[in-house]
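*Asks:* Model the structure of this input:
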Amino acid sequence: MLWALSVYRIAAGKPAFCYNYYSCGIDFSIRSAFQVAVAMDLSLVFSLLFLSCLHGVSSDSRYFTSLFTLGDSYIDAGNFVIMAGRMVPPVPVWHDKPPYGMTFFGHPTGRLSDGRIITDFIAEQFGLPLLQASLLNISDVSKGVDFAVGGATAIDVDFYERNKLVQFKLLNNSLSVQLGWLEELKPSICKAKKGCRGCFSKALFFVGEFGVNDYNFVWSAGKTEDEVMSHVPIVVENIVRAVERLINGGAIHVLVPGNPPNGCSPTILTLRSSLNQTGNYDHMGCLSDINRVAMHHNSMLNASIGALRGKYPHARIIFADFYEPIITLLQSPNQSGDVNADALRACCGGGGEYNWNASAVCGMPGATACNDPSTFVSWDGVHYTEATYRYITQGWLHGPFADPPILSAMGH
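*Replies:* Residues are numbered from 1 along each chain as shown. Prediction:
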């Protein structure tokens, strides 16, 4: 993410280009948005909570026995913090400091949110422990582990360095690297099973979100929309190859998220605000060119997943829409019927029109958090609040933001 860019530029003594995906804060109430957009889900949510209280665990706890996640900072449970600390000299990190984690954990965990993220809610749904970062080298990974790292790309990082799309050294944390980490852990994961085919048959795999950082690196190099668009096929191809690799290794259930609408990111909006792009904003105030790339990526990825279903009919491959749930929340109108101008502000930040400031990103001195993150879509200008992630997860579990919804893919 662009937040990774700022880390390295600051470490190199350069001005931060900080793609601080830390939040897409909104001052319109997500509570209000949830009342409008999630009302139909409330009875189901309460029913699930009631069943959980009755039985002590989720009603789906016997289905998936493990959860393994590949991705970037949206689902990173702490790997970036560990990798950054191993650099010489160590790379500055801010999301290991308060107010990260304030809503649920009460302290920072390496997650880029005020609380739980999507994979935490998925784990809870199936009675699994919340995932820990793979780089912690925990002894028992049989029920799952998180390989995702903030700033990860679908294309190997040497592509961006070799083509001078970035002016600094990137962490080697791409999709192929994460797949390699999974391969290394297979003996530990499957030691109690007869081979990984049996071991992975009751596992749920996440492949992504990937692509956001790839496109951001190209955008940040000053490339045009057409030039950014030209990278979409290779990004999608790499994601599809990863899904195939998992299926050939025994995976049955694979969830593949698309890209969110990064043109609505407080960080991106702040960084692009100095440019004269009046005609490039949509009715919500989001950047149209960046969102067009995201939509093109999602369309191509969804089509490719459809082709994979035909090639591997025994597998259950889920396309998870990351775009529409964010747009749904952002479009929750105020009383006048217009989109609230504060919808694009971050909950945690250092001020400015979108409450994102490169010199005071969330976790740094000078940045403060809103009193109630549940009233915001975005947490830190790049990443989302726990309330937003909960809403997205419900849409992935039950619909309408997944094809097929996870519970339907299980045969419910």
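
*Asks:* if I pick residue 354, what's in contact with it?
*Replies:* Residue 354 sits next to 25, 266, 267, 269, 270, 344, 345, 346, 381 when contact means Cβ atoms under 8 Å, 6 or more residues apart in numbering. To be clear about C-beta, it is placed using only N, CA and C from the backbone, and glycine gets the same treatment.

*Asks:* Now intersect those residues with the helices, please.
*Replies:* 266, 267, 269, 270 (DSSP state H).

*Asks:* follow-up on the earlier one: among the contacts of residue 354, who's most crowded?
*Replies:* When neighbours are counted by other Cβ atoms under 10 Å, residue 381 leads the contacts of residue 354 with 38 neighbours.

*Asks:* If I look at that residue, what pLDDT would I see?
*Replies:* If you check residue 381, the pLDDT there is 97.

*Asks:* returning to that earlier point: closest to residue 161 among the contacts of residue 354?
*Replies:* The closest of the contacts of residue 354 to residue 161 turns out to be residue 267 (Cβ to Cβ; 22.7 Å).

*Asks:* In this structure the closest one contacts residue 381, no?
*Replies:* Yes. Residue 267 lies in contact with residue 381 (Cβ atoms under 8 Å); the separation is 4.2 Å.

*Asks:* With distance to residue 127 added, can I get the contacts of residue 354 in TSV?
*Replies:* Listed next are the contacts of residue 354 as TSV, based on distance: Cβ to Cβ, whole Å:
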residue	distance to residue 127
25	32
266	35
267	36
269	39
270	41
344	37
345	36
346	33
381	34
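
*Asks:* if you skip the residues just before and after it, what's nearest to residue 83?
*Replies:* The shortest distance from residue 83 to any residue that is not its chain neighbour, by Cβ to Cβ, 6 or more residues apart in numbering, is 5.4 Å, and that residue is residue 171.

*Asks:* Ignore what I typed, I meant residue 231.
*Replies:* Nearest residue to residue 231, sequence neighbours excluded (Cβ to Cβ, 6+ apart): residue 218, at 5.7 Å.

*Asks:* Secondary structure element holding that neighbour?
*Replies:* Using DSSP states H and E, residue 218 maps to helix 212-220.

*Asks:* What is the burial count for the nearest residue to residue 376 once chain neighbours are set aside?
*Replies:* Spatial nearest neighbour of residue 376, excluding adjacent residues (Cβ to Cβ, 6+ apart): residue 347 at 3.8 Å. By other Cβ under 10 Å, the residues close to residue 347 number 34.

*Asks:* show me where this structure has strands.
*Replies:* Using DSSP state E, the strands of the chain run over 66-70, 144-146, 203-207, 253-257, 316-320, 348-349, 368-369, 402-403.

*Asks:* Just tell me which of those ends up closest to residue 293.
*Replies:* strand 253-257 (15.8 Å).

*Asks:* Who does that closest one pair with, and is each partner parallel or antiparallel?
*Replies:* strand 203-207 (parallel), strand 316-320 (parallel) (DSSP bridges).
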